[in-house]
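Trainee: I would like the atomic coordinates for the input below:
(chains A, B and C)
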Amino acid sequence: MSIATTRRALVAGAALATFARPAFAQSWPTRPVSMIVPWAAGGGTDATGRIVATLLERELGRPVNVVNRTGGGGLVGHTEIANARADGYTIGVITTELSLYRTTGAGQIDWKNFTPIALYNTDPQGVHVRADGPRDLAQLVAQIRERPGANKASGANLGGAAHLSLVGMLNALGLPPSAAPWVPTDGSAPSLQQLAAGAIQLVTTTMPEAKTMVDAGQVRTIAIMRASRDPAYPNVPTVKEAVGVDWSLGAWRGIAGPRNLPEAITTRLRQAMAKVVADPEFIRLMTARSFGMEYVDGPAFGAWLEAADKRFGDAARAAGLAR
Amino acid sequence: MNAAAGRRDLLVGALAIGGGLTVMWLAAQIRGMPGQPFSPGFAPSIIGGLAALVGAVLVLRAALGHAPALESEEADPGPPFRAAALWVGGGILVIAALFETIGFVPLLLVWLAGFLMLTGVRLLPAIAFAVPMVFGMDLAFTKLLGVPLPPGEWMIALGLLG
Amino acid sequence: MEQVIAAAGMLADLQLILVIAAACAFGLFVGAVPGLTATMATALMVPFTFFMEPLAAVSAIVACTAMAITAGDIPGCLIRVPGTPASAAYTDETYAMTRKGQAAQALGSSLVSSVIGGLFGAVVLMVAAPLLAQIALNFSAFEYFWLAMIGLSCAAFVASADPLRGILALLIGLFVSTVGMDAVSGAQRFTFGSTALTGGLSFIPAMIGLFAVAEILRALLTGEASKPFAQPQQVQGVFHGVGTLIRRYWRNTLRGSVLGTAIGALPGAGGDIAAWMSYAMARRFSKTPEKFGTGHPEGVIEAGASNNAGLSGAWIPALVFGIPGDAVTAIAVGVLIMQGLNPGPQLFTQQSETLYAIYMVFILANLLLLPLGWLAIRLARPILSVPRPQLMAAILLFCVVGAFAINNSMLDIGVMLGFGALGLMLGKVGVPVAPVILGMVLGPLVEQNFLAAIVIADGRFMGFFERPIAAALGVAAILVWTLPLVFALRRRGAIRTSAASG
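Mentor: This is a model prediction of the structure:
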């Protein structure tokens, strides 16, 4: 992408840029908008992204096309959004991993490379065990303390948000990461499969990701990593309630454009997103898949992201995941 | 067990040994992650090692004269289109580099029309074929499927679109 | 029984039938365009399903994917652009048939065997889904690792003349699959500092390059491009002689259907391996293995049946546990949940009428494949009479669009060219290209499951044999890989002794 950017600068040049400027200042958007989703079709980000795109299309009056740019744990897609031309025709969904790239050394981008438009979803992480597994988190923790290393955990890749949520919790309990070794997979679905197959003992992942397996009676959620109980899961205790240590972590998704998006376009997008998240259709579709709805508008989303960076960074350093 | 088959096995085997060893060397430099029993370079070095091994067997087989005979190729039917082949390869490189800048429609029009002319089609029929194909494809993708093909920044800047 | 009748009643709805027909047409179009996949067709349909009734939404996806997968065989057969990694297993076989003037027979027999496989899978889905899903749920990293190792051995069978060169091609594919950011550790491998390469090399552009671009370059450089593309087509009707073939190879059809359903039901692995294993099985047990690779329908029939049976199989864990079998069912599970049809045992008890209606849509969609597939083949056949330069120009256009559209990445266009050059060179030295694709698809599966399994087993290799299914699969994998070697050595030994004594 960097090669393309340089070349673009050389070829397009100042003259063409002056042509281009008035063209979009008038009434953005005049052509279809691409919305980059940094994860594969079929996952949670793709699902929520398509919901937002469909409704955004109504507000903007132009097609909003979802473009899946996958790979590198979301890094490729995020980089693509950050490097896109700041003309409003390329926006994208940014996700939890963005708060981790710099700390874990996976990539060199963070929230400062983007123009935040709106946060639209947060989901708490949960601790899940087999249906016939430990009764509650206290019993699981006792098992882990008794035989360090015997209970295997999974949820996604090493150093990702799911891994961080486990290591952070172990850290809060005064346990080293090796007490429950992390089995790396490339997503929550294969991890839950390992759990159901009885190969591992616990999975940490967000609540909606585990939903179908919980509904199918194969998997049980024994704790939620949230400050207080989630109204959507009134029967699931928080980590604090279960074992008495403070630990909460969630996953988030939001809409953003590349840095330096023109003010007029950002405002237009923010207004459109404000309508999208209030749309009954949005609420219906998100509720159906149990995606948590949390809305934070543009500038406040920026501050929110800054705070998230610090929180995730601290947790990763405490857990020894920082490079 | 003809001589050509032996030479071919020798060549493929030598390339496989060279490639396999290169991969092993590159894989050895991949940094591992603390706490993992196998480094990320583990799989590539196994693959490289096996490739070198297969290469060695091929070389050995050629040396012993055990190379299986080749499938016979069809007799050479006509003069080759070297210029067209170069146009295809070079054209794909140009498209990959300038797809966003110049855009799908102009690039593909020139490329396809040029290709047709290099394979013996005259200018007018070449254009008559390329224009509906390229515009039809653009329309099908952008309008019907909602998968945008790059319109080209030059085209946008010149006000030809939008 | 009353559930079945109620379900049939749900299907007797004009609007629903129209939705199914439209979805079929859409799937047919997307699948038949070289480079566009069934996954893409499904993803593009999702926004429309938001505003549909639950049954219509699911029916649309079922119909669309069945159609797209089958239509994906058409460009593979006619112009050597495989539609899915699964169809790469037999692309060269059908393409060889086309060049011999048997395009109609190739397409007709793969269509009919696909329909049989699809129907078989649908029936299994109907009668045994909960049971099979329970078995599939026992597969952990160990079992997947061994299964993938068995899958890799197919490379030696798909390679026509020489297994050794097939394995070399497989190793190239395996190596290519390691390029990019390692999904497990996050380490950069062979990216040389490029962010674009972090995402790895996708197999769709690679497939287009290895098969289609390489073929065009070859035809241009050998001068074959001045000749008509294929021999005059012998058979007129699409289904002419297909009945005889299916009867002759009924064992293959059945075996392909069974294996396809069983392997397809394994989440995350199935669909892509099934067709390859079936093709390899067909060759292994064939009375005329030497005909494989020269345009012989036997393997195509078995793999075609397996391919579509696997499609239904993938729905088994999706419906019973909400675990998607592949990318398509992953999207489908999302649609099911959004429509309030949460997958899981309660779907079977509380919503059984809707469930039966979904099963019937499977059967309906597979039956619709016959007329619509016939139409598509009839429409596609004039392609063979297009003058060669124009045909090549059109293929090149589709190649560029197909390589780009999968990821919207310009890098992928370059990747396509790189693999085109690789395919040309491999062809020159007699190394088959299909195993490269197999390596690219199975590489991550082998590696990730190995790394996961070794952590679970605390680093002990014996842990790979401690679970019963894993032990059986492990022994099978080791036998599949070592037996041919033992036989080869013994044969060579026998030749030498007989030469010495004689």
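Trainee: quick one: secondary structure of A:V203?
Mentor: Following DSSP: H, G, I helix; E, B strand; the rest coil, A:V203 is assigned to strand.
Trainee: Quick check: end-to-end length of stretch A:208-227?
Mentor: End-to-end distance for stretch A:208-227: 18 Å, by CA to CA, to the nearest Å.
Trainee: mean confidence for stretch C:181-189?
Mentor: Taken as a whole, stretch C:181-189 has an average pLDDT of 77.
Trainee: who's in contact with that stretch?
Mentor: A:71-73, A:75, A:104, A:106, A:157-159, A:184-186, B:27, B:30-33, B:36, B:39-41, B:44, C:178-180, C:191, C:198-200, C:444, C:447-448, C:451-452 (CB atoms under 8 Å, 6 or more residues apart in numbering or on different chains). C-beta: built from backbone N, CA, C; applies to glycine.
Trainee: okay, how far is it across it, tip to tip?
Mentor: The first residue of stretch C:181-189 is 6 Å away from its last residue (CA to CA).
Trainee: Spit out the contact partners of C:E466.
Mentor: C:E466 is in contact with C:142, C:457, counting by CB under 8 Å, 6+ apart.
Trainee: right, I mislabeled it, should have said B:M137
Mentor: B:M137 sits next to B:108, B:149, C:397-398, C:401 when contact means CB under 8 Å, 6+ apart.
Trainee: same thing but at 6 Å, please
Mentor: Neighbouring residues of B:M137 by CB atoms under 6 Å, 6 or more residues apart in numbering or on different chains: there are none.
Trainee: following the helix or strand bottoming out on mean pLDDT in chain A, which helix or strand shows up next?
Mentor: Taking mean pLDDT, DSSP states H and E as the measure, helix A:2-25 is the helix or strand of chain A with the lowest mean score, a mean of 38. Next helix or strand after helix A:2-25 toward the C-terminus (DSSP states H and E): strand A:33-37.
Trainee: Which strands border that next one, and is each parallel or antiparallel?
Mentor: strand A:64-68 (parallel), strand A:90-95 (parallel) (DSSP bridges).
Trainee: Out of those, which gets nearest to C:M207?
Mentor: C:M207 lies closest, by CB to CB, to one member of the strands paired with strand A:33-37: strand A:64-68, at 18.0 Å.
Trainee: Off-centre distance for the closest one?
Mentor: Chain-centre distance of strand A:64-68: 17 Å, with CA atoms, centre = their mean, to the nearest Å.
Trainee: And chain C, is the next helix or strand after that strand touching that?
Mentor: Going down the chain from strand A:64-68, the next helix or strand is helix A:75-83, by DSSP H and E. Yes. Applying CB under 6 Å from any CB of the partner chain, one finds helix A:75-83 touching chain C at A:75-76, A:79.
Trainee: got the angle for helix A:75-83 vs strand A:64-68?
Mentor: Calculated by axes from the mean of the first three to the mean of the last three CA atoms, to 10 degrees, helix A:75-83 forms an angle of 140 degrees with strand A:64-68.
Trainee: buried stuff in helix A:75-83?
Mentor: For helix A:75-83, a neighbour-count test (16 or more other CB atoms under 10 Å in any protein chain shown) marks A:75-83 as buried.
Trainee: So which elements touch it?
Mentor: The contact analysis (3 or more CB pairs under 6 Å, 6 or more residues apart in numbering or on different chains; DSSP states H and E) places helix A:75-83 against strand A:33-37, helix C:195-198.
Trainee: is it possible to export these to JSON lines including mean neighbour count and mean pLDDT?
Mentor: Below are the helices and strands packed on helix A:75-83 laid out as JSON lines (neighbours: other CB atoms under 10 Å in any protein chain shown; pLDDT from 0 to 100):
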{"stretch": "strand A:33-37", "mean neighbour count": "24", "mean pLDDT": "90"}
{"stretch": "helix C:195-198", "mean neighbour count": "22", "mean pLDDT": "76"}
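Trainee: Tabulate the ones you listed in JSON lines, adding columns for distance to B:I156.
Mentor: Formatted as JSON lines, the helices and strands packed on helix A:75-83 follow (distance: least, CB to CB, whole Å):
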{"stretch": "strand A:33-37", "distance to B:I156": "14"}
{"stretch": "helix C:195-198", "distance to B:I156": "23"}
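Trainee: Tell me which residue of the stretch 51-200 of chain A lies closest to chain B.
Mentor: Closest residue of the stretch 51-200 of chain A to chain B, CB to the nearest CB: A:N65 (5.1 Å).
Trainee: Give the burial count for that residue, as a bare number.
Mentor: The tally of other residues near A:N65 (other CB atoms under 10 Å in any protein chain shown) stands at 19.
Trainee: hang on, isn't it packed against A:S34?
Mentor: Yes. Under the criterion of CB atoms under 6 Å, A:N65 makes contact with A:S34 at 5.3 Å.
Trainee: Run a quick neighbour tally on the closest residue to chain C within the stretch 51-200 of chain A.
Mentor: Closest residue of the stretch 51-200 of chain A to chain C, CB to the nearest CB: A:G71 (2.4 Å). Using other CB under 10 Å, A:G71 has 25 other residues around it.
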